[in-house]
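J.: got a sequence here, can you build the structure:
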Amino acid sequence: MADVLVFGDSHTAALRRGQVAVEAEGAWPAGLRLCVRPLGGGHLATEPFFADRGDHAEVTLPEYRRQFDRLPCADDPPDRIFGVSALLHPVRLWRGAAWQDFAPADMDLPGAAPVSSGTIRRLALDDQRPMLELVALLRRIGRRVFAIEAPRPFRHHPALRRTPAAVVMRVDRLYRATIRAELDRLGVPVVDVPDRCLDAEGFTLAEFGQPGDPHHGNEGYGAIMMREVLAHLRVDGPSPPPMLHEG
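T.: Below is the predicted model:
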């Protein structure tokens with residue numbers, strides 16, 4: 001029986017609701033044990049939250065230790081697969097008020113101070129460094145890992161009242177592309193948000209949002225993403241070894 005742990009930020013809530021919905025339909029595959037557990041709020045993941053103990057990560061941040069004291073857990077089966085819902089979550093970068101006056105340099109937006117693609121990539125890597133380091137540890141010890149993409153921006157996010165939608169989307173895409181490149185280097189595939197969840201410009205459709213919530217998906221969104229996870233687990237083989245830089 002395949003054994004999977006999906007962990008991560010607050011977007012795990014929609015994934016868990018989606019799992020319950022798929023199970024209620026009688027569509028859950030036999031031979032798959034999948035547990036969805038939050039690690040904690042994504043706003044805490046920008047600072048170091050674990051210590052590398054060689055064969056596991058000891059979780060050191062008190063808020064995260066309420067869920068896990070280590071990863072892999074001491075009693076995890078050696079073939080447990082890890083799904084991470086935390087890595088492709090650019091909202092922390094583009095929701096800032098500074099983007100009212102700045103824009104990616106390649107947009108050549110009149111009146112906006114240009115920010116180079118290299119700077120945006122560095123900001124993305126800095127934002128995700130602790131989580132990327134955790135994934136690198138899991139891969140180093142031979143664990144199979146995949147990442148689950150967070151929702152693309154919603155048009156009802158308050159940041160879009162002050163920042164042009166095109167700027168938000170460009171920053172979002174640069175961030176995701178940067179983190180995807182790192183995941184590819186580590187041999188970590190990504191479960192993508194499917195096109196049917198998006199409008200023509202790449203924003204998440206309003207029907208998949210929640211009233212009063214500017215960036216989390218609802219149960220319907222979670223069910224779609226959980227089916228994407230199941231499709232990935234059916235077709236994907238073992239992750240390739242990470243690509244290590246020399247020198």
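J.: show me where the chain has its strands.
T.: Here the chain has its strands, by DSSP state E, at 2-8, 32-38, 50-52, 57-59, 70-71, 81-85, 102-104, 113-115, 145-148, 190-191.
J.: in this structure, which helix is the longest?
T.: Counting by DSSP state H, the longest helix found in the chain is helix 117-140.
J.: for it, packing partners?
T.: Using 3 or more Cβ pairs under 8 Å, 6 or more residues apart in numbering; DSSP states H and E, the elements in contact with helix 117-140 are strand 50-52, strand 57-59, strand 81-85, helix 91-94, strand 145-148, helix 165-185. In short, each C-beta sits where N, CA and C put it, glycine included.
J.: now tabulate those in CSV and tack on mean pLDDT, mean neighbour count and distance to Val191.
T.: Below are these laid out as CSV (pLDDT from 0 to 100; neighbours: other Cβ atoms under 10 Å; distance: least, Cβ to Cβ, whole Å):
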stretch, mean pLDDT, mean neighbour count, distance to Val191
strand 50-52, 98, 15, 23
strand 57-59, 98, 18, 22
strand 81-85, 98, 23, 8
helix 91-94, 94, 20, 18
strand 145-148, 98, 22, 5
helix 165-185, 97, 19, 11
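J.: and those: which comes nearest Cys35?
T.: Minimum separation from Cys35 across the helices and strands packed on helix 117-140 (Cβ to Cβ) falls at strand 81-85, 9.9 Å.
J.: compute the inter-axis angle for that closest one and strand 32-38.
T.: 40 degrees (axes from the mean of the first three to the mean of the last three Cα atoms, to 10 degrees).
J.: what lines up beside strand 81-85 in the sheet?
T.: With DSSP bridges as the test, strand 81-85 is paired with strand 2-8 (parallel), strand 145-148 (parallel).
J.: turn those into a markdown table, including distance to His216.
T.: Formatted as a markdown table, those follow (distance: least, Cβ to Cβ, whole Å):
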| stretch | distance to His216 |
| --- | --- |
| strand 2-8 | 13 |
| strand 145-148 | 14 |
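J.: now the helices and strands packed on helix 117-140 as a markdown table including distance to Leu34?
T.: Below are the helices and strands packed on helix 117-140 laid out as a markdown table (distance: least, Cβ to Cβ, whole Å):
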| stretch | distance to Leu34 |
| --- | --- |
| strand 50-52 | 23 |
| strand 57-59 | 21 |
| strand 81-85 | 8 |
| helix 91-94 | 26 |
| strand 145-148 | 12 |
| helix 165-185 | 20 |
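J.: related to what we said a few turns ago, the strands paired with strand 81-85: which one's closest to Pro114?
T.: Using Cβ to Cβ, these put strand 145-148 closest to Pro114, at 30.1 Å.
J.: restricting to C-alpha, output that closest one in PDB.
T.: Taking C-alpha atoms only, strand 145-148 is exported to PDB below (Å, rounded to 0.1, in the frame of the first residue of the first chain):
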ATOM      1  CA  VAL A 145       8.900  14.300  -2.700                       C
ATOM      2  CA  PHE A 146       6.400  16.200  -4.800                       C
ATOM      3  CA  ALA A 147       5.100  19.800  -4.500                       C
ATOM      4  CA  ILE A 148       1.500  20.900  -4.800                       C
END
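J.: what's in contact with it?
T.: Strand 145-148 is contacted by residues 6, 8, 11, 15, 81-85, 87-88, 135, 138-139, 183, 186, 188-191, 225, 229, 232, 236, 239 when judged by Cβ atoms under 8 Å, 6 or more residues apart in numbering.
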